[in-house]
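>>> turn this into a structure:
(2 chains)
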Amino acid sequence: DIQMTQSPSSLSASVGDRVTITCRASQGISNYLAWFQQKPGKAPKSLIYAASSLQSGVPSKFSGSGSGTEFTLTINSLQPEDFATYYCQQYINYPLTFGGGTKVEIK
Amino acid sequence: EVQLVESGGGLVQPGGSLRLSCTASGFTFSTYNMNWVRQAPGKGLEWLSYITSSSGTIKYADSVKGRFTISRDNAKNSNSLFLQMNSLRAEDTAVYYCARSLRYYDSGSLLDYMDVWGKGTTVTVSS
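Residues are numbered from 1 along each chain as shown, chains lettered A, B, ... in the order given. Prediction:
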C-alpha cells in the first residue's frame, strides 16, 4: 500500500497569512493526488485533484503543486472559514490512501 | 443540486450486522463510480470500498474484506449505494461517508477522484 505522510500535523496561523502543507507519498504517484478540507462535524470537501487542478467552485486562494512523491497545498490570505483539517489522498492505486491530516488553527 | 444522503447507521453489538444506504440525487447515478469512506472518532479518513457504475469492478480495503459488501441499485426509483456490514467490531465504530467518483482522462489513462461526499451516518459497535 502507498503511505501518505502529511506535515505538519497541525499549525497555527493568523488571518491573512499564507500557509503551506506538505504531503509525501511512499512511492511515485505521478500527479494522482487530491486535497480535501474538513471542518469539525462536517463531511470532507474536495478542493484539488490531479495535484493542481482546482475543483469547481473552490476559490483560487487554494493552490496545489507537485508530482511524483512530494506535493504541497498552499492557502493564500487565510480567512476564518479556512480554519479546518486538510487531507491529501492518492488515487493511482487501490487501496486509496489518505494522509493523516493537517489541522490549521487560529493563532 | 448534487446530493448524497447516507442512512442506516446506529448502535449494534459486536458480531452484529448493519446495512448502510446512500441515496443519490441531482445527477445520473447510474453513470458514476462510487465509494465508501469512514472516519473513526478523532481519527483521519479511511477508504473502504469502491464500485464501478455497472458493478463490474469492486474493490475493498483489507480491513473490511470478507466482512463488508458494497452494492448498488441503479434503478431510477432507487439510485442507491449500499454497504452490508457483517461481523462488526468495536474498531468499526465511525462515521461512514459515501462519495462519488468523478472520472477524467490524463495522458491516455482514465482516473477517478472523489468529488462529492454525503454528510455521513454514524455507526457505533458496542455491547
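
>>> so what's the residue nearest the centre of chain A scoring on pLDDT?
Nearest to the centroid of the C-alpha atoms of chain A, with distances taken as C-alpha atoms, centre = their mean, sits A:W35, at 4.0 Å. For A:W35, the pLDDT comes out at 98.

>>> so it: helix, strand or coil?
Here A:W35 is recorded as strand under DSSP: H, G, I helix; E, B strand; the rest coil.

>>> so who does it touch?
A:23, A:46-48, A:62, A:64, A:73, A:86-89 (C-beta atoms under 8 Å, 6 or more residues apart in numbering or on different chains). Where you see a C-beta, it was placed from the backbone N, CA and C, and this is true even at glycine.

>>> show me the residues you listed that map onto strands.
A:23, A:46-48, A:62, A:64, A:73, A:86-89 (DSSP state E).

>>> so who does residue 9 touch?
As the question left the chain open, I've gone with chain A. A:100-103.

>>> actually chain B
Contact analysis of B:G9 by C-beta under 8 Å, 6+ apart lists B:18, B:20, B:96, B:121-124.

>>> separation between it and A:K39?
Applying C-beta to C-beta, to the nearest Å, the value for B:G9 to A:K39 is 20 Å.

>>> spatially, what comes nearest to B:G120 if we skip its sequence neighbours?
Leaving aside its chain neighbours, B:G120 sits nearest to B:V95 (4.2 Å; criterion: C-beta to C-beta, 6 or more residues apart in numbering or on different chains).

>>> strand partners of the host helix or strand of that neighbour, parallel vs antiparallel please.
Assigned by DSSP states H and E, B:V95 belongs to strand B:94-106. Applying DSSP bridges, strand B:94-106 is found paired with strand B:33-39 (antiparallel), strand B:109-117 (antiparallel), strand B:121-125 (antiparallel).

>>> thinking again about what came up before, buried among the contacts of A:S9? Make that a PyMOL selection.
One line in PyMOL is enough to select the buried ones among the contacts of A:S9; burial here means 16 or more other C-beta atoms under 10 Å in any protein chain shown:
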select buried, chain A and resi 100+101+102
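
>>> now, which of the contacts of A:S9 lie close to chain B?
A:100-101 (C-beta under 8 Å from any C-beta of the partner chain).

>>> check the gap between B:F27 and B:G56 for me.
To B:G56, B:F27 is 20 Å away according to C-beta to C-beta.
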